[in-house]
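Asks: model the structure of this input:
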Amino acid sequence: MSNRAGRSLRVEGYGRKRSGMLDVSRKELKYKVDPYEISRLKQRLALLMKSDPHNGKNGYKVRSLYFDTPFDTDYEDKAGGYNERQKIRLRIYDAEQGSAKLELKQKKGSAQRKRSLLLSREEAQQMICGRYEILRNRQEELALWLYMFMTRKCYRPKCVVEYDRLAYYLEHNDTRVTFDMRLRSGEGNYNIFDNHLMLYPVSGAMENTMEVKFSGFLLTHIKNELNCSERMSVSSSKYCRSRLITKS
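Replies: The predicted structure is shown next:
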């Protein structure tokens, strides 16, 4: 089994951790970047921030299964430009790992709150099959809320999204900078633990996203290095981009 099976939740966000649950609130800004900018910025950030221990040479893989209503409510809220919106997803970093994160991500403008539950592989497989009863056996308040909400609104698996990520972080202000590349997706097979999952490319080599996440304020030297003041932030959703083929 891959050594990523025991990946810590702390790497993707610090926040407050309680009995298998992580609660992170911070701001998030997104920018389009090309491979040349990524090459330059990762060399600079390596001097200013800590490199995610799982980065390797080309980053690490992120794979998520997104859930939505029969009417694609979460997709339409994002596509319609609503200021307040949410996503529910199941996330892993390696098909061989023994656990997954069930995440509720709520956004209002640039402010976001992400709450995560750590599920066993068996619990995650039940979620993939649309069987949410396992959440009723959990002790966390979020688990019961998700069970009631997802069953009442008839949430079902809709799309697998995968990409490669390079990440740098500072514990101060919970600052995190990520570069997400080579976006691909699939809407036929929802089993995120499948080593042979068939996915199609969504973005080209020049279409990459830099995400800047922080609590309170972004440190000046990081802001200046990233040229945030000179960039135009974008409202980019990997989930929405990954569903453009079937939604069109």
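Asks: need the nearest residue in space to residue 65, chain neighbours excluded.
Replies: residue 90 (4.4 Å; C-beta to C-beta, 6 or more residues apart in numbering). Where C-beta positions appear, they are placed from N, C-alpha and C, glycine not excepted.
Asks: so the one you found sits right up against residue 64, yeah?
Replies: Yes - here residue 90 reaches residue 64: they are 6.6 Å apart, a contact under C-beta atoms under 8 Å.
Asks: common neighbours of the two, please.
Replies: With contacts defined as C-beta atoms under 8 Å, 6 or more residues apart in numbering, the residues shared by residue 90 and residue 64 are residue 192.
Asks: report the contact partners of residue 52.
Replies: Residue 52 sits next to 11, 60, 166, 167, 168, 169 when contact means C-beta under 8 Å, 6+ apart.
Asks: give me the subset of those lying in strands.
Replies: Among those, the members found in strands (DSSP state E) are 60, 166, 167, 168, 169.
Asks: tell me who's in contact with the closest residue to the fourth one other than its chain neighbours.
Replies: Same thing as residue 168. In space, residue 168 comes closest to residue 49 once its chain neighbours are excluded; the distance is 4.0 Å by C-beta to C-beta, 6+ apart. By C-beta under 8 Å, 6+ apart, the contact list for residue 49 reads 168, 169, 170, 175, 177, 222.
Asks: neighbouring contacts of stretch 208-216?
Replies: Against stretch 208-216 from outside (C-beta under 8 Å, 6+ apart): 13, 25-35, 37-38, 41, 112, 173-181, 218, 226, 228, 234, 236, 238.
Asks: buried subset of these?
Replies: Neighbour counting by 16 or more other C-beta atoms under 10 Å classes 13, 26-31, 33, 37-38, 41, 112, 173-181, 218, 226, 236, 238 among the contacts of stretch 208-216 as buried.
Asks: so which of those residues belong to helices?
Replies: Among the buried ones among the contacts of stretch 208-216, the members found in helices (DSSP state H) are 37, 38, 41, 226, 238.
Asks: state the distance from the first one to residue 238.
Replies: Spatial separation of residue 37 from residue 238 under the definition C-beta to C-beta, to the nearest Å is 19 Å.
Asks: follow-up on the earlier one: tell me the one of the ones in helices among the buried ones among the contacts of stretch 208-216 nearest residue 70?
Replies: Distance to residue 70 across these (C-beta to C-beta) is lowest for residue 238, with 21.6 Å.
Asks: which ones are touching that closest one?
Replies: 161, 163, 180, 183, 202, 209.
Asks: which of those fall in strands?
Replies: Per DSSP E, the contacts of residue 238 map to strands at 161, 163, 180, 183, 209.
Asks: can you tell me which of those has the most neighbours?
Replies: Per-residue neighbour counts (other C-beta atoms under 10 Å) across the ones in strands among the contacts of residue 238 peak at residue 161, which has 25 neighbours.
Asks: bridged to that one, which residues?
Replies: In this entry, residue 161 is beta-bridged to residue 64, residue 185, by DSSP bridges.
Asks: now stretch 81-95: mean pLDDT?
Replies: Stretch 81-95 carries an average pLDDT of 95.
Asks: what about it, distance to the chain center?
Replies: Mean-position distance between stretch 81-95 and its chain equals 6 Å (C-alpha atoms, centre = their mean, to the nearest Å).
Asks: got it, and stretch 174-184?
Replies: Between the centre of stretch 174-184 and the centre of its chain there are 9 Å (C-alpha atoms, centre = their mean).
Asks: just send the ones in strands among the contacts of residue 238 back as CSV, with pLDDT too.
Replies: Below are the ones in strands among the contacts of residue 238 laid out as CSV (pLDDT from 0 to 100):
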residue, pLDDT
161, 98
163, 97
180, 97
183, 97
209, 97
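Asks: and which of the residues you listed is nearest residue 197?
Replies: Nearest to residue 197 among those is residue 161, at 11.3 Å by C-beta to C-beta.
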